[in-house]
Structure formats: structure tokens, C-alpha cells
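Engineer: any chance you could fold what I've pasted below:
(4 chains)
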Number of protein chains: 2
Amino acid sequence: MAMTRDDVAKLAGVSSATVSYVINNGPRPVSEGARRKVLWAIEQLNYSPSTIARSLKTKRTHTIGLIISDILDPFLAFIAKSAEDLLLAQEYSLTVCNSRELPERELGWLRMLRQRRVEGLILLPTGANQSLLLTMIEAGQHLTLIDRCVEGVEADCVLIDNEQGAYEAVQHLLALGHRRIGLLNLPSSLAPGQGRLEGYQRALRDAGVPFSGQLVQEGSLTAEESYALAGGLLDLRPPPTALFVASNRLAEGVLCQAKVRGLRMPDDLAVCVFDDVSYYRFFEPSVTAVSVDGGELAERAVQFVIERIDGAYSGEPRLARIPCQLQVRESTAGRIQA
Amino acid sequence: MAMTRDDVAKLAGVSSATVSYVINNGPRPVSEGARRKVLWAIEQLNYSPSTIARSLKTKRTHTIGLIISDILDPFLAFIAKSAEDLLLAQEYSLTVCNSRELPERELGWLRMLRQRRVEGLILLPTGANQSLLLTMIEAGQHLTLIDRCVEGVEADCVLIDNEQGAYEAVQHLLALGHRRIGLLNLPSSLAPGQGRLEGYQRALRDAGVPFSGQLVQEGSLTAEESYALAGGLLDLRPPPTALFVASNRLAEGVLCQAKVRGLRMPDDLAVCVFDDVSYYRFFEPSVTAVSVDGGELAERAVQFVIERIDGAYSGEPRLARIPCQLQVRESTAGRIQA
DNA sequence: TTGAAAGCGTTACCAG
DNA sequence: CTGGTAACGCTTTCAA
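Structural biologist: Here you go, the predicted structure:
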């Protein structure tokens, strides 16, 4: 059913090489007559060239892979979308994979992408699979890590300034007079959780407020889990007057608890979230958040990986750090601003 | 840098055919000794087989393509994720593309996926590009349409029961006593908008409430646009007492307006949205929505396409219709239920 | 149980 | 300007 270049050549009455040259506009010129015939034959046969055969020959796939933990996370979805757009403009296509934070699944995708010979890889790593990553790098795979580094893996990396973002958020809560500030954190075994915890601690320290482990809970992906963890924090006696929540997924649990318990924000509970999500603006009350420009993150990651592919850069691993910005809204500041 | 099967064969001291057989577990048996040597050599060389060469030979890609309008739409993201999971379990991988509702972009992705020889295609169509779709089908491409049909294109199709969902939603608003119900709709030129409009109209008719074109606005993707359209509806004199909003993206504009104008839901304005999104549950007030099981939609679409590929089904185009369910919450019913 | 070899659909080199 | 042809890395048939 599928036509090949030979069919086109036959119908056009030229050689298959000529067909190639008109399709690729080069590398050598083709007479106008031949070109016309070829184009006509392509049209007739509905011929579509095979990327597969082409890749086998040229050893280029024009594909880059992106592994993230979960496309349902609005922040990650935005990164994926931004990366797709940026890459499309450079004639690359993007294959997006969800690791769900599971090393097993990450491993599977890494293998798969490797077998597909992606030319570059952008990875939000689980932290495991170091040995495969190392052998891939050694084999010449261009890799850019995002959001987290991986111990022992030297690669370009685009990080978020977690410590700074968390510091500002907690400082803001402290400035409002809160002294009993809970932290619902990502696993502190991973860099983002680590950084956010450090920012939290430093802010407390700078304000002379003692740190209490009781006020810190850690968890991750599922909605049920975050709901339960938030509940644990709110059950403390006395309860925290403010919560700093380390991610939008975790925040769902908190907002849910606030609703169920009838807590009014910010009076009964002030809430500040790391990761700004579109609906926070019109939430009731609107939600104070630490925002990170996902587009910028995607841009740096894409830039790093494309520069490696093009050979525009081939030196030491680079590090980019995306700054955060605190968006003060009603969930902490009250109806100060709409 | 990248090893080939021949390198492995050489190192293992066997033929390249043998290497193939151990990698693929067949189609013929390999002696334990040879197998062991091959495995060892693979390990040594960090060999990773090339999907590309394999595909060229076998004419199978084990890839299916999914084109949706926008991965940032939580409903679509959920479909993409569900499809990925389902396909992964059957050893297929999924390539997700965003058309942004633009025929141009859709065309580009269609061509790209065709060149990549995807074995199946799941498409949320813009409605354009019919001729390419037809030639692809004619060329044997397995296609499943989701959410909308395309005029003149005969393919398996998984639709949402828009008319029924909209009918129930509006009926619910009517039952609460609303008579001036605005509709913020998707473009009615597309099937979903069409169906939702029809459900809206039928509900009014059944209740003996006259239809007023004034109360209907149409628009689509961008946040700014939906905000403006919602504003238009709310500026009517007298304003509608209730709004039925045809999608979660459109609803952002409405919720935003409600906040800015200080409208209290449901007293000042009752709101019901088509598409249930996770945060509606803990929104303040929680948002009444028509929910559609995206997982089920994805499942049917994947099933259709895989059955075509396997040859398990090869008859007439099939149609599946996913039912909707009204989730009554506070934005219409008041604090009746938490 | 094994190896040799013929393709798969391209690209690009080498002669004309 | 053009056609023939040798790869690219793999699978699988055919003979051994």
C-alpha cells in the first residue's frame, strides 16, 4: 500500500536519486522538468517519504525526548508544551514520557528513547538509574536535567531556585506575624524538597523562630496522600496558623482540607504554595504562590540540548538557575489586592 | 560510538543472526552457551538495538499518534495520560501532538506522523484537512476520531454525549428556578459546541422558556477571550442569573469575572460547567459540572485503534458515545452538600 | 543449532 | 544535470 521512492521514480521516469534530490532540495540541483515530473508523481501516488529509512541512512532522528513525572501537573504540562513549541520551530519533534516518579518506568522510557535514537534528552530525574544515564552520556547522548540533579551524573542542568523561593515565601508569612508555620513538603530526599526545606529553615532562623520537626510533613504525588498529610498538620494542637506548601499537587490536599474543615483563609489559615497555577488567581480566596516561569525553564533546557547537538557548545556541564517570584494574593494577605 | 549488532556478534564470536535471535527470543532457539556469550557481549558494549533499523525491516513501529488541541486542558491531558498507560501495557508507545485547534498545525502533525509510519492515529480533529485524512485512510492508516466527527471522513469515532450532558445541566438550572440562563459555548460550528447548544435549547424548550440569542456567546481557547465573552454576558441588562459554560477553559473566564465583580455563587450567579476538573471539588464554592470519564474515552479510542491494527476488527466504522454525569455542587445548589 | 545473505526505503557518492 | 549503486542496522529465509 505504502509507496516507495522507487515507485515515484518509475512513474516520473527518473532515477530514485533524482527523487531524493527534489524531496530534499539538494544536495544537488535538479532540472525544472525533472522536478515537475517528480512532484507530479508524488501527488499521483500520495507518496509520503519514510522517516524511518531516512533516519537509518542519515543517522539523524530530529527527535528529542522529554521525561517528566506527570503530565497532569500543570507546571510540567506547561514545560512540555513550551518545549514542544520551541523545538518545532527548529524542526525537531518531542516525545514526552511520564515516569510517574517511578525509577522502573523511568528506566523503561530511557531504554526506549535510547533505542529510538533520540538526539537529545531532557529529563526530570527520579534520582535513580544513574548507571544507565552514565553509559548513555558516555555513548554520546546529549542530556539536560531539569528541576533536579542526579548524584554523580555530570550533565547540563536547569534548576529552580528553590531555596530562594521558599525563603521569600516563608519570610512573607513571618512578616504577617505568623510564628507557627507548617511545611507540607516534597520528599526532602530530592533536590527540590531539600531546597524548599532549607529556604524554610533559613527564613525561620533569620526571624529567630525555632524550627519544629512536628510542623513538617513530606509526601508526594497522590491526591489522597496529600490530603492526609495536610490533615495531619492541621490536627496539631495548637494548629499552625500558616502553611507553606511545596507544590501545586500537594496544595490540592490542603485546599481540600481547608474546605472540608471550613477554615477561612487567610484568617484561620494562611496558605502559600510553591508553583503558581492558573486557577489560583481566581480562587476564593486567590492563592499566594511562588511562581516559576516554566517557559523560561523549557527554553533553557531546549537551548542546552540543541547547542550540544549542533556542536555550538561542547564544554563542561552548564548550570542554569531559574529565579522564583512571590505572587502575594488573598490566601495570605487578605483582601489587600484583587 | 553506537554499537551495532555486528559488533556484538563479533565480540561474542557468533553470527549476527544469532544475536538477533537472543534479543528477540526467537523465532528460533539459541543454545544456552551462545545466548550467554551474546548477553555478555551486549553488556560489554552497552549495545542498544536500533528501533529504526528494526522498523525498517519489520514494517512495524509500535507507535500510535495522538493529536489533541491542547495538552494544557486538564481533560485532554487526562485522556493523553490514560491512553499512554493503556498503550504501554500493550507495548505501544504514544506520540502526543498539540494542534492548538489550528488546521495548519494539525496538517503538519498529520504529515509528520504519517512519515513516521505510526500504526494508528487518534485524532481530535479541527474539522479541516479532510482530504489528507481521506488519503491516509485509503492508504490503510487506522484512524479513530475523538470528541468530534469530520464531515465526509468515515472512521471509528468516540464521542461524548454532549446533547444529553448539556440538557441535564440546563434542566438542573431550570429546576432551581432560573429562567435567564446564559450559555458560554464553544464554537457551534464544531460538533461539541453544536451538541451542547442543542441540549441547552431542548432543555429550555421542554421547560417552556423562550430561547434568546442574546444569552449565547461563543468562543474558544484563550483566557482573555473567554474572560471578555463572560463579561459580555454578565453586562446584559438584566443579567443572566445562571450560566452554563461549555468547557473548563471557558469557565476560567467566568470564574475570573465572578471574582472581579464580586458575584457570589450561586446567589448572584449560578454556574455549571461542562467538563469536570479536579479543583472544582474544593473551589469556593465548589463548582457544579458535567463530568465525562476521560479514561473511558481513552480506553474506547485505544481499543478501536488496536483492534484495527490487530485485525481483530475490520468492518464498518464504529461509533461509541461516552455518557456524561452531572455533578451537582455549591455553585448551583448552594451549601446543600459539602 | 548455526551462518550467509537478501532485502527494508533512504541518501549520497561516483561515473557518465 | 543524471542514473546506478553501495551502504545504514536489522530480521528472517535458506542451506548447511
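Engineer: leaving out sequence neighbours, find the closest residue to the one residue sitting closest to the centre of chain A.
Structural biologist: Nearest to the mean C-alpha position of chain A, by Cα atoms, centre = their mean, lies residue A:76 at 4.2 Å. In space, residue A:76 comes closest to residue A:68 once its chain neighbours are excluded; the distance is 4.6 Å by Cβ to Cβ, 6 or more residues apart in numbering or on different chains. Glycine gets a C-beta too; all of them are placed from N, C-alpha and C.
Engineer: on that earlier part again, quick one, what contacts the residue nearest to the centre of chain A?
Structural biologist: Neighbouring residues of residue A:76 by Cβ atoms under 8 Å, 6 or more residues apart in numbering or on different chains: A:68, A:69, A:70, A:124, A:294.
Engineer: sort out which residues of stretch A:43-56 are buried, please.
Structural biologist: Within stretch A:43-56, the residues that count as buried by 16 or more other Cβ atoms under 10 Å in any protein chain shown are A:45, A:46, A:47, A:48, A:49, A:50, A:51, A:52, A:53, A:54, A:55, A:56.
Engineer: what strand or helix carries residue A:144?
Structural biologist: strand A:142-146 (DSSP states H and E).
Engineer: that strand near chain B anywhere?
Structural biologist: No - figure legend: strand A:142-146 not in contact with chain B (Cβ under 8 Å from any Cβ of the partner chain); closest approach 12.0 Å.
Engineer: pLDDT on that strand, on average?
Structural biologist: Throughout strand A:142-146, pLDDT has a mean value of 98.
Engineer: output that strand in PDB with nothing but the alpha carbons.
Structural biologist: Provided in PDB are the C-alpha atoms of strand A:142-146 (Å, rounded to 0.1, in the frame of the first residue of the first chain):
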ATOM      1  CA  HIS A 142      23.100  14.700  25.000                       C
ATOM      2  CA  LEU A 143      21.300  15.100  28.200                       C
ATOM      3  CA  THR A 144      19.900  18.000  30.100                       C
ATOM      4  CA  LEU A 145      18.500  17.500  33.600                       C
ATOM      5  CA  ILE A 146      15.700  19.700  34.800                       C
END
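Engineer: now the closest residue to residue A:115 other than its chain neighbours: phi and psi?
Structural biologist: Nearest non-adjacent residue to residue A:115, counting by Cβ to Cβ, 6+ apart: residue B:51, 4.5 Å away. According to degrees, to the nearest 10, the main-chain angles of residue B:51 amount to phi -60, psi -30.
Engineer: quick revisit: please report the distance of the residue nearest to residue A:76 from DNA strand C.
Structural biologist: 32 Å (Cβ to the nearest atom of the strand, to the nearest Å).
Engineer: ditto for residue A:35
Structural biologist: 14 Å.
Engineer: give me the number of residues near that residue?
Structural biologist: Neighbourhood size, residue A:35 [other Cβ atoms under 10 Å in any protein chain shown]: 17.
Engineer: who's in contact with it?
Structural biologist: Here residue A:35 is in contact with residue A:22 (criterion: Cβ under 8 Å, 6+ apart).
Engineer: which element is it on?
Structural biologist: helix A:32-45.
Engineer: if we go by neighbour counts, what in that helix is buried?
Structural biologist: Buried residues in helix A:32-45 (16+ other Cβ under 10 Å): A:34, A:35, A:37, A:38, A:41, A:42, A:45.
Engineer: same deal with stretch A:212-226?
Structural biologist: Under 16+ other Cβ under 10 Å, the buried positions of stretch A:212-226 are A:215, A:216, A:217, A:218, A:219, A:220, A:221, A:226.
Engineer: leaving out chain neighbours, which residue sits closest to the first one?
Structural biologist: For residue A:215, the nearest residue in space outside its immediate sequence neighbours is residue A:182; the separation is 4.7 Å by Cβ to Cβ, 6+ apart.
Engineer: the last one too?
Structural biologist: What sits nearest to residue A:226 in space, not counting adjacent residues and going by Cβ to Cβ, 6+ apart, is residue A:253, at 3.0 Å.
Engineer: in chain A, which segments are predicted with low confidence?
Structural biologist: A:1, A:334-338 (pLDDT under 70).
Engineer: on that earlier part again, now for the buried residues of stretch A:212-226: which two are most distant?
Structural biologist: The span of the buried residues of stretch A:212-226, defined through Cβ to Cβ, is set by A:215 and A:221 at 22.0 Å.
Engineer: on that earlier part again, so of the contacts of residue A:76, which ones are in strands?
Structural biologist: Counting by DSSP state E, the contacts of residue A:76 place residue A:68 in strands.
Engineer: tell me the one of the contacts of residue A:76 nearest chain B?
Structural biologist: residue A:70 (7.7 Å; Cβ to the nearest Cβ).
Engineer: count of neighbours near the closest residue to the closest one other than its chain neighbours?
Structural biologist: In space, and not counting its chain neighbours, residue A:70 is closest to residue A:98: 5.7 Å by Cβ to Cβ, 6+ apart. A total of 24 residues lie near residue A:98 under the criterion other Cβ under 10 Å.
Engineer: try residue A:177
Structural biologist: 9.
Engineer: now swap in the one 10 residues further on and tell me
Structural biologist: Residues near residue A:187, counting by other Cβ under 10 Å, number 14.
Engineer: ditto for residue A:148
Structural biologist: 20.
Engineer: what's the helix or strand containing residue A:6 packed up against?
Structural biologist: When elements are assigned from DSSP H and E, residue A:6 belongs to helix A:5-12. Here helix A:5-12 touches helix A:16-24, helix A:32-45, going by 3 or more Cβ pairs under 8 Å, 6 or more residues apart in numbering or on different chains; DSSP states H and E.
Engineer: which residue ranges of the stretch 101-250 of chain A form strands?
Structural biologist: For the stretch 101-250 of chain A, the strands defined by DSSP state E, counting those that start in this stretch cover A:120-123, A:142-146, A:156-160, A:181-185, A:216-218, A:242-245.
Engineer: how far away from the center of its chain is the second one?
Structural biologist: Relative to its parent chain, strand A:142-146 has a centroid offset of 11 Å by Cα atoms, centre = their mean, to the nearest Å.
Engineer: other residues contacting it?
Structural biologist: A:79, A:119-125, A:133, A:136-137, A:153, A:155-159, A:297, A:301, A:304-305, A:308-309.
Engineer: tell me which element residue A:86 is part of?
Structural biologist: Using DSSP H and E, residue A:86 falls in helix A:74-89.
Engineer: in that helix, what's buried?
Structural biologist: A:74-88.
Engineer: who are the contact partners of residue A:21?
Structural biologist: Residue A:21 touches A:27, A:28, A:29, A:30, counting by Cβ under 8 Å, 6+ apart.
Engineer: distance of it from residue B:170?
Structural biologist: For residue A:21, the distance to residue B:170 equals 61 Å [Cβ to Cβ, to the nearest Å].
Engineer: same question for residue A:186.
Structural biologist: 42 Å.
Engineer: next: residue A:203.
Structural biologist: 50 Å.
Engineer: these two: who's more crowded?
Structural biologist: Legend: neighbour count by other Cβ under 10 Å for residue A:203 and residue B:170, higher for residue B:170 (26 against 23).
Engineer: what residues does chain A put near DNA strand D?
Structural biologist: Within chain A, the positions adjacent to DNA strand D are A:13-18, A:28-31, A:33-34, A:53, A:56-57, A:59 by Cβ under 7 Å from any atom of the strand.
Engineer: now that we have those residues, which of them are buried?
Structural biologist: A:14, A:18, A:30, A:34, A:53, A:56.
Engineer: out of the residues you listed, what pair is the most spread apart?
Structural biologist: A:34 and A:56 (25.7 Å).
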